[in-house]
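> Compute the structure for the input listed below.
(2 chains)
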Number of protein chains: 2
Amino acid sequence: MEKQELLECHERIKPYIHNTPVLHSRLIDRLVGAEILFKCENFQRMGAYKMRGATNALLRLPESERARGVVTHSSGNFAQALALAAQSLDIKAHIVMPSTAPVVKKAGVLEYGGEITICEPTLEARNRTAELISKETGATFIHPSNEPDVIVGQGTAALELLEVSPDLQFLFAPIGGGGLIAGTAMASHYFGMDCKVIGGEPFEVDDAYRSFHSGKIETNSSTNTVADGLKTVLGSNTFPIIRQYVTDIIRVTEEEIISAMRLIWERMKIIVEPSSAVALAALIREKDQYSGKRIGIIISGGNVDLSRLPF
Amino acid sequence: MEKQELLECHERIKPYIHNTPVLHSRLIDRLVGAEILFKCENFQRMGAYKMRGATNALLRLPESERARGVVTHSSGNFAQALALAAQSLDIKAHIVMPSTAPVVKKAGVLEYGGEITICEPTLEARNRTAELISKETGATFIHPSNEPDVIVGQGTAALELLEVSPDLQFLFAPIGGGGLIAGTAMASHYFGMDCKVIGGEPFEVDDAYRSFHSGKIETNSSTNTVADGLKTVLGSNTFPIIRQYVTDIIRVTEEEIISAMRLIWERMKIIVEPSSAVALAALIREKDQYSGKRIGIIISGGNVDLSRLPF
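The predicted model follows:
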């Protein structure tokens, strides 16, 4: 990915996304012993950074492909993002969702005019179902994290954060499929001043941590995490970027995720989803290493089912 | 209250408070059919507008009285506000709290260095206990809503909102003891352009509604509302201001409060307490009357016990 691509992408998607606020909390600063800026993508349109990548991918499609629609599979946020972005551009969006997806995320897709197909909650079933729809309708498949235009789009959140705080020393982001952290790492590489990128990942789905250390893409045998957005694995495009540009991956327990989530809710009075809390949880777990540093955290989203909170 | 008092108060407390953000939600605008600006006092220091009045009351105390400390009774937010403001100014704060006060609010008072005395959950017991402490220690009693310096302080939230949006046609605020709405009404009178002030109140504690219509201060025989900040009644200073400067009071059901609270959480991704949702609930209940209008809502606070949510 070239520097210019990121800048052009940002210009392209600007009319369709929010430049989300950057918040900080003196109390959390004191607790961690560092200066932390939170880039609040929970305030993004449809409630997550995924709106950026989805919008970029659609705007990059040739007219002929737009007419035939798009298809993706997603446990939640990318599903809503693609549905909303497609609605804005008058494109038909087919969304393959696992039967286990949170009710609030299914409702969001329907509200944004997406057409849902439910499948078994396995990666294999998701892929097969999306492929079938693509064959039947001619819809273009857009991968929620591995599609290059999606990765560039996700990087614009860090780009905006570095525009207002160019001197960040570290940038933390959660890792699921790797689209966010890969985009963040590229933005940090081109626009940071020696800003290192650190990933946060639940122990329960630590495929990225293991991939990072083994040198090949690993999978998870189970996905028992509260961070429902982080159950997917790295892809052929996200993994090489992560290997090259990410400095470290820190794993956290479910208790640490829930505790960080509660800290953000209680102290910052903002609603963030468990996946978002993983990055802060990672920083808190290793806070002695980051004492006195100037740190950015990408708060990835705020779409939670209020009837099923972990506390 | 003179116009000058409000401006001087704002200058006085500025170093100790946040000029909180003003947010809006396109989705809620569409749902109500009006243009709504939310003044987000849930992002105020200690999580509620009460920080304004508490700070002003303390800064207005003569040195001799500051040395003997202060005492108040409060079900929650004013307790924390006075404790934190007193801590900032190195003043001792005695806080009388009913045994039914939310755990999170008691914890807040302790964290801010306040000294808690628990009493029975009646207005009579609160008053008696506070009086006793005042006699024993020489501490100055500061009423959470009826103290004139507190009322002026609370009015600065509306003052800030009208500074950025001088052309609001209506301002909605919840009514408990009446300090917020009285201050809001004065700010609107002096700084609005014919901006009418509307109160929201739960049916379950509709003393202000009944007082407004009967012409004398009424009380509640029970206080079974989720809006724990609105259980108190009007006072000798707040009531006359409300009679003269408030246009209407709209009552809402418990279901309407919880539904408005959930709407704000899900759509705006911010945490507001039930009392804050009462103002939006009132607007939604009577939305046909406010169609197409430009409306401000004071979001009073965000201190909720996450272990005891109403949904």
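> Give the buried residues for the helix or strand where A:Ala67 lies.
Per DSSP states H and E, A:Ala67 falls inside helix A:63-68. Going by neighbour count (16 or more other Cβ atoms under 10 Å in any protein chain shown), the buried part of helix A:63-68 is A:Arg66. Yep, even glycine has a C-beta here, placed from its N, CA and C like the rest.
> can you check stretch A:101-112 too?
Neighbour count says stretch A:101-112 has A:101-102, A:104-106, A:108-109, A:112 buried, by 16+ other Cβ under 10 Å.
> and what of stretch A:193-213?
A:195-202, A:204-212.
> Can you give me the distance of A:Leu84 to chain B?
Going from A:Leu84 to chain B by Cβ to the nearest Cβ, to the nearest Å gives 12 Å.
> Now that residue. Nearest residue, chain neighbours left out?
Using Cβ to Cβ, 6 or more residues apart in numbering or on different chains and skipping the chain neighbours, the partner closest in space to A:Leu84 is A:Tyr112 (4.1 Å).
> Am I right that the one you found is in contact with A:Ala79?
No - between A:Tyr112 and A:Ala79 there is no contact under Cβ atoms under 8 Å: 9.1 Å.
> hmm, back to that, which is the next helix or strand following the helix holding A:Ala67?
strand A:70-73.
> CA atoms only: put that next one into PDB for me.
C-alpha atoms of strand A:70-73 as PDB (Å, rounded to 0.1, in the frame of the first residue of the first chain):
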ATOM      1  CA  VAL A  70     -22.200  -7.000  -3.600                       C
ATOM      2  CA  VAL A  71     -22.100  -9.800  -1.100                       C
ATOM      3  CA  THR A  72     -20.100 -10.400   2.100                       C
ATOM      4  CA  HIS A  73     -20.200 -12.500   5.200                       C
END
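> Tell me which residues are up against that strand.
Identification of contacts with strand A:70-73 by Cβ atoms under 8 Å, 6 or more residues apart in numbering or on different chains yields A:57-58, A:61, A:78-79, A:82, A:86, A:91-98, A:119, A:126-127, A:129-130, A:133-134, A:137, A:139-144.
> Following it in sequence, what is the next regular element?
helix A:77-88.
> tell me the mean pLDDT for that next one?
The average pLDDT within helix A:77-88 is 95.
> Contacts made by it with the rest, please.
So helix A:77-88 is in contact with A:16, A:45-48, A:50-51, A:53-55, A:57-58, A:69-70, A:72-74, A:92-93, A:95, A:97, A:101, A:105, A:108-109, A:112-114, A:116, A:142, A:144-145, A:229, A:300-301, A:303, going by Cβ under 8 Å, 6+ apart.
> roughly how far is it from the heart of the chain?
14 Å (Cα atoms, centre = their mean, to the nearest Å).
> in it, what counts as buried?
Residues of helix A:77-88 classed as buried: A:77-86, A:88 (neighbour count, 16+ other Cβ under 10 Å).
> of these, closest to chain B?
A:Leu84 (11.6 Å; Cβ to the nearest Cβ).
> just to revisit the earlier point, in JSON lines: the buried residues of helix A:77-88, plus distance to B:Glu254.
Putting the buried residues of helix A:77-88 into JSON lines (distance: Cβ to Cβ, whole Å) gives the following:
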{"residue": "A:Asn77", "distance to B:Glu254": "32"}
{"residue": "A:Phe78", "distance to B:Glu254": "37"}
{"residue": "A:Ala79", "distance to B:Glu254": "34"}
{"residue": "A:Gln80", "distance to B:Glu254": "31"}
{"residue": "A:Ala81", "distance to B:Glu254": "35"}
{"residue": "A:Leu82", "distance to B:Glu254": "38"}
{"residue": "A:Ala83", "distance to B:Glu254": "34"}
{"residue": "A:Leu84", "distance to B:Glu254": "33"}
{"residue": "A:Ala85", "distance to B:Glu254": "38"}
{"residue": "A:Ala86", "distance to B:Glu254": "39"}
{"residue": "A:Ser88", "distance to B:Glu254": "37"}
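> now for the residues you listed, which pair is the farthest apart?
A:Asn77 and A:Ser88 (16.5 Å; Cβ to Cβ).
> helices and strands around the helix or strand bottoming out on mean pLDDT in chain A, which ones?
Least confident element among the helices and strands of chain A, by mean pLDDT, DSSP states H and E: helix A:103-111 (a mean of 87). Using 3 or more Cβ pairs under 8 Å, 6 or more residues apart in numbering or on different chains; DSSP states H and E, the elements in contact with helix A:103-111 are helix A:77-88, strand A:93-98, strand A:115-119.
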